[in-house]
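> Okay, structure incoming, though there's no sequence with it:
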């Protein structure tokens, strides 16, 4: 039995659409303002969410912001005026919660990207951004709503939401596409 790839692609696009609704996109302005005024920005996530957080950190760096990834050897300490951006799609990861607490104890603002805003990590964050999509917390049985496995819908939505955020930040900071390109590595 072969898959109808066109139908699958159409279904996936329908699943992504609510994640880019006006209500979801309305969260970009406060997030963008917090990042624009941050001293340092450090990003963190686990698993595939972590890959999307690394993609965000790279784009923030391209915008000329002082952006880093937790765990990199060059990641600086955070303090007052800095922002730790974490992803906790299912609402709770013990390592994410621990790092968020360290950042808050150091005076940094914590921003949590999540699909479960009632979870422990987003509830403890200074700002929570809700991306409505299936994660591994709801990928089985009657709770499953996506054709994609596990948390893939959330991770895809993270990427798209972050790219819209970058466009907003680019405009807010008056950064040209050429200036962003100038920050791209030449060591490839």
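Sure, I can see it. Values in this document were obtained by computation on a predicted structure and should not be read as measured data.
> From now on I want contacts and neighbour counts done on CA atoms only, so please keep to that.
Will do.
> Quick check: buried residues in the longest helix seen in the chain?
Secondary structure of the chain per DSSP state H: the longest helix is helix 152-172. For helix 152-172, the neighbour count (16 or more other C-alpha atoms under 10 Å) marks 152-159, 161-162, 165-170 as buried.
> How far does the following helix or strand past that helix sit from its chain's centre?
Scanning forward in sequence from helix 152-172 by DSSP states H and E, the next helix or strand is helix 177-182. When distances are taken as C-alpha atoms, centre = their mean, to the nearest Å, helix 177-182 is centred 22 Å away from the chain's centroid.
> what's helix 177-182 packed up against?
In terms of contacts (3 or more C-alpha pairs under 8 Å, 6 or more residues apart in numbering; DSSP states H and E), helix 177-182 is packed against helix 47-62.
> Which residues does the helix or strand bottoming out on mean pLDDT in the chain contact?
Lowest on mean pLDDT, DSSP states H and E among the helices and strands of the chain sits helix 5-16, with a mean of 92. By C-alpha atoms under 8 Å, 6 or more residues apart in numbering, the residues outside helix 5-16 that reach it are 133, 146-148, 153, 157.
> Wait, a strand at residue 129?
Yes: according to DSSP: H, G, I helix; E, B strand; the rest coil, residue 129 belongs to a strand.
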